[in-house]
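S.K.: Here is my input; please provide its structure:
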Amino acid sequence: MCTDHTVSCSCGKQRASLMFRDEIMPEKVITAIFCPECARIIDFDGASMIADNGWIIEYDMPVAEYYASLNDGDVAEVTPEFLFDQSYATWLGVYPGDHTDSAQERAELTAMAKVDMRRYLDEFKSWGIQRMKRLEQEGWRKAQA
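M.R.: Below you'll find the predicted structure:
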């Protein structure tokens, strides 16, 4: 089970939706979120932070290491990259507001299904492929895979 958590960035101007894979890590594993605006005023620390297209997530690494040791004894090293890329503490979707944006985009396409199912299926497939290409070009970490 993955639960959604929405938090404000450090300056309070933007919000990010987060997920914690299988709820292994608690929400407190994330110390702070910095949007591109508030990220400009902090010193980046690669030992406890990960940058993604201007956004920064700061992790409480001792908390992360503790919970990782409880749930997965095979983890050699807990890093910000591990937490983000393995979805232990990451965006819900590809970027901070992805799940709401993609739901709205899908809803617009869904209306087409009632009128022309074949066209809907073609458009939906094309939308997904083009969307991921766009997100990759924009530089989002999860779209780079």
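
S.K.: Phi, psi for the residue nearest the centre of the chain please.
M.R.: Nearest to the mean C-alpha position of the chain, by Cα atoms, centre = their mean, lies residue 91 at 1.6 Å. Backbone torsions for residue 91, taken as degrees, to the nearest 10, come to phi -60, psi 150.

S.K.: how close does it sit to residue 142?
M.R.: Going from residue 91 to residue 142 by Cβ to Cβ, to the nearest Å gives 7 Å. For glycine as for every other residue, the C-beta is placed from the backbone atoms N, C-alpha and C.

S.K.: which strands and helices sit next to the lengthiest helix in the chain?
M.R.: Ranked by residue count and defined by DSSP state H, the top helix of the chain is helix 117-138. On a contact count with 3 or more Cβ pairs under 8 Å, 6 or more residues apart in numbering; DSSP states H and E, helix 117-138 meets helix 98-113.

S.K.: And the helix it packs on, what's buried?
M.R.: 98, 99, 102, 109 (16 or more other Cβ atoms under 10 Å).

S.K.: where does the last one land on pLDDT?
M.R.: As predicted, residue 109 sits at a pLDDT of 85.

S.K.: just to revisit the earlier point, joint contacts of residue 91 and residue 142?
M.R.: Shared contacts of residue 91 and residue 142, defined by Cβ atoms under 8 Å, 6 or more residues apart in numbering, comprise residue 52.

S.K.: my guess is the residue nearest to the centre of the chain meets residue 19, correct?
M.R.: Yes - using Cβ atoms under 8 Å, residue 91 is in contact with residue 19, at 7.3 Å.

S.K.: To which secondary structure element type does the residue of the chain most remote from its centre belong?
M.R.: Computed with Cα atoms, centre = their mean, the residue of the chain farthest from its C-alpha average is residue 115, at 33.8 Å. At residue 115 the chain is in coil, as set by DSSP: H, G, I helix; E, B strand; the rest coil.

S.K.: and it, what does it touch?
M.R.: No contacts exist for residue 115 under Cβ under 8 Å, 6+ apart.

S.K.: okay, it: pLDDT?
M.R.: 87.
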